[in-house]
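[1] sharing a model that was predicted from the sequence below.
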Amino acid sequence: MKSSRIKLTLTVIFFALFTSFKISAEDGSRLWLRADTVITPSEVIYRDTGDETLLLAVEELRRYWKGHAVRLVISDARDIRALTSEGFLIEGDSRSGVTITSSTEAGLLYGTHHLLRLQVTGETGGSITVKESPKYALRILNHWDNQDDSVERGYAGSSIWQWQSEQDSTVIALYRNYARANASIGLNGTVLNNVNASPLILSAPILKKVKTIADVLRPYHIKVYLSVNFDSPAALGGLPSSDPLSKDVRQWWKGKVKELYTVIPDFGGFLVKANSEGLPGPQDFGRTHADGANMLAEALAPFGGIVMWRAFVYNPSDEDRAKQAVLEFLPLDGQFSPNVLIQVKNGPVDFQPREPFSPLFGLMKETPLMPELQITQEYLGQSNHLVYLATMWKEFFESDTYVKGEGSSVAEITDGSLVPQKLTGIAGVANTGMDVNWCGHHFAQANWYAFGRLAWNHSLTAEEVADEWIKQTFSNEPDFVAQVSTLMLESRETAVRYMMPLGLHHIFAWEHHYGPEPWTDIPGARTDWMPSYYHRADAEGIGFDRSISGGAVEQYATPLCEKWKDLATCPEKFLLWFHHVPWDYRTKSGKILWDELCYHYDEGVQEVREYQRTWDKMEPYVDAERFRHVQAKLKIQSHDAVWWKDACLLYFQTFSRRIIPYEIERPIYDLDELIENSRPKTVKP
Ligand code: BDP
């Protein structure tokens, strides 16, 4: 009896070990960097200066390059100088040898990763000539990580910085893997902490940890930045105020910055969220955003540091929230110091599944603007929904602002190609956490990947990026690549359909932003946090009329303003963003608005079910663990799509008083039940 129990235990242990070993091989922890190491390394020819970045490039090539010798060359020849310092040239042939040339070691590391990517995606067969320079100089991840290791809007576990733990060899190895992943896609900066920053981030014990992170990231050519709390001089330094024009306050910041650079000589600079959502800022002292930003800029300038000052501001007021950033920032154009960038979210409200571009792009002409994209899917199903964001970001990059005539895309305005800029940059709010696959959903890794690739080169297509990612992350099998790529490319539009079609926005549960709650109305809470503020459904129709005189549409240049202002010419994807539209309005399909809305929701649901069928067919191409994981997530997504459809249609029907124009399956939800279950348990003060 006893011995058989021991036997059983041993068998269990054996199987657990065996299977966990097998599983850990494809648990997603290797991200898109899954190439096997080569048995006989190829020759790597380089001049050993001991530079750590160069040695990382050499190590990558020795481990993974399967072709003939690679030569790494630092050169300042004219054609190399024509590239930016991070640019590179790859020339050669995998059979007779390849040369990577750059003016810097960082360029060689980027070139190395590019070459290895070409190898994995099967493009190193013939001769190779690649010449690349990044479009944006600063390509930065923003981590909304707190010192207690929680992550604001993070859906993949606790903070990868592990603030609460010893920075032992396991933690250092984690930092290293993170840095390598970022370097492989061209990212060169990281803001470690939440924009809702605690003043304690600048305290000595935390700066010690920051230094350790910076030391690990440095060889990967990744700079560390911090979000700072504007009230730090008072809250941390004990000064009576944090007024940016006070001499003592300015001195405090200068001292702090000096201390920072003593510990981290290549520190990048500060990211600041000020006078936004209750955070302190210069306006608390009757000063402007420019006064605040310039004070920090002055402290950072001697060390080459920068300030990324966020334009995400809105206050409870009579003004439409979508207009407020322009109202606050445009008058300050031209007043910011040369080392300040204004960091602007892609849309004027808040990372919705679809928004028009923020009108600050193009309007603010004298100040470098840095787009802020959100990789973490706060409003896009978090880590449960498969939503590939590159298509959304491409829509944003390619949006024509018309401010310099036709062809003034957001991308060309911000990357300095249309209007020369002193500084160029782009930020992405990270989706990483301690989950073994880093991002919660295997397909959410694609968004981290795509952010890096598009920050490097926004003219890549969403399809090219998806192809690269699929081949590296899963398989080169053409059938698999084709089907999964189609699914990814459609996925964002699908999410828009089952969540907020036709320009609807912000009808989420107001705190967690996961599910639908178009009915929420909490007495005493801010109206601009309530869905009804945005959808404005009533007996006549639905949508936010921003086409009125003085409305948000007027913040856009001619001819966009005129086009969007007119219901007849406004693209239907923005219909309810700019107009309050009667329920019986005839849409382009010939259906009335109510019916059109119903069909969009239903199509969204049907499309997710189609993704489930597609994925089921992919089983032969995918390892069992990742296959099942994605399958399970799609099931949740499919369930949520029906939840969205039922919630929105049942609720809006109470206004439209029309029938749903197709035969519906019995709704899985009842409106009263939906409302009852969604009542917030706690209310923010
Ligand atoms: C909103 C998030 C909130 C962030 C804020 C911001 O809900 O958690 O703090 O944006 O960007 O999207 O500052």
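    It's in.

[2] every contact and neighbour count from this point should use C-alpha atoms.
    Fine.

[3] what segments of the stretch 301-450 of the chain are helices?
    324-329, 360-363, 390-398, 410-414, 445-456 (DSSP state H, counting those that start in this stretch).

[4] surely residue 182 and residue 188 touch.
    Yes - here residue 182 reaches residue 188: they are 7.4 Å apart, a contact under C-alpha atoms under 8 Å.

[5] before we move on, back to that, between the helices of the stretch 301-450 of the chain, which gets nearest to the ligand?
    Each of the helices of the stretch 301-450 of the chain has some distance to the ligand by C-alpha to the nearest ligand atom; the shortest is helix 324-329, at 12.9 Å.

[6] buried ones in the closest one, by neighbour count?
    For helix 324-329, a neighbour-count test (16 or more other C-alpha atoms under 10 Å) marks 324, 325, 326, 329 as buried.

[7] was I right to think the last one contacts residue 310?
    No - judged on C-alpha under 8 Å, residue 329 makes no contact with residue 310 at a distance of 10.1 Å.

[8] and the closest residue to the ligand within the chain, how many residues sit next to it?
    The nearest approach of the chain to the ligand comes at residue 350, 5.4 Å away (C-alpha to the nearest ligand atom). Neighbourhood size, residue 350 [other C-alpha atoms under 10 Å]: 20.

[9] separation between it and residue 508?
    Per C-alpha to C-alpha, to the nearest Å, residue 350 is found 12 Å from residue 508.

[10] what about residue 344, how many neighbours?
    Residue 344 has 26 neighbours, counted by other C-alpha under 10 Å.

[11] give me the low-pLDDT residue ranges for this structure?
    Counting by pLDDT under 70, the chain shows low-confidence ranges at 1-25, 680-685.

[12] quickly list the domain ranges of it.
    2-132, 138-473, 496-544+580-678 (automatic domain parsing).

[13] which of those sits most buried?
    Mean neighbour count (mean count of other C-alpha atoms under 10 Å) peaks for domain 138-473 among these, with a mean of 21.

[14] which strand or helix spans residue 90?
    Taking DSSP states H and E as the definition, residue 90 sits inside strand 88-93.

[15] centre of the chain to that strand, how far?
    31 Å (C-alpha atoms, centre = their mean, to the nearest Å).

[16] reformat the buried residues of helix 324-329 as a markdown table; add distance to residue 608.
    Shown next, in a markdown table, are the buried residues of helix 324-329 (distance: C-alpha to C-alpha, whole Å):
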| residue | distance to residue 608 |
| --- | --- |
| 324 | 36 |
| 325 | 35 |
| 326 | 37 |
| 329 | 41 |
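
[17] of those residues, closest to residue 673?
    residue 324 (36.3 Å; C-alpha to C-alpha).

[18] ok, the nearest residue in space to the closest one that is not next to it in sequence - contacts?
    Once flanking residues are discounted, residue 324 sits nearest to residue 314: 5.7 Å by C-alpha to C-alpha, 6 or more residues apart in numbering. When contacts are counted by C-alpha atoms under 8 Å, 6 or more residues apart in numbering, residue 314 touches 276, 277, 321, 324, 325.

[19] residue 313 is in contact with the fourth one, correct?
    Just to be clear, that refers to residue 324. Yes - proximity of residue 324 to residue 313 meets the contact threshold set by C-alpha under 8 Å, at 6.8 Å.

[20] return the distance of residue 508 relative to residue 643.
    Taken as C-alpha to C-alpha, the span from residue 508 to residue 643 is 12 Å.

[21] quickly list what's touching both of the two.
    In contact with both residue 508 and residue 643: 515, 516, using C-alpha under 8 Å, 6+ apart.

[22] quick one on the thing from earlier: the domains of the chain: which one's closest to residue 481?
    Among these, if distance is taken as C-alpha to C-alpha, the winner is domain 138-473, at 6.4 Å.

[23] one step back: any idea how far the residue nearest to residue 324 lies from residue 598?
    Applying C-alpha to C-alpha, the value for residue 314 to residue 598 is 32 Å.

[24] got it, and residue 464?
    Distance from residue 464 to residue 598, by C-alpha to C-alpha: 33 Å.

[25] cool, and residue 229?
    Taking C-alpha to C-alpha, one finds residue 229 at 45 Å from residue 598.

[26] next one: residue 329
    Taken as C-alpha to C-alpha, the span from residue 329 to residue 598 is 39 Å.

[27] also residue 434?
    From residue 434 to residue 598 the distance is 39 Å (C-alpha to C-alpha).

[28] cool, and residue 150?
    Taken as C-alpha to C-alpha, the span from residue 150 to residue 598 is 38 Å.

[29] same question, residue 538
    Distance, residue 538 to residue 598, by C-alpha to C-alpha: 17 Å.

[30] any chance you could map the strands in the stretch 551-685 of the chain?
    Ranges of strands within the stretch 551-685 of the chain are 581-582, based on DSSP state E, counting those that start in this stretch.

[31] alright, calling it a day.
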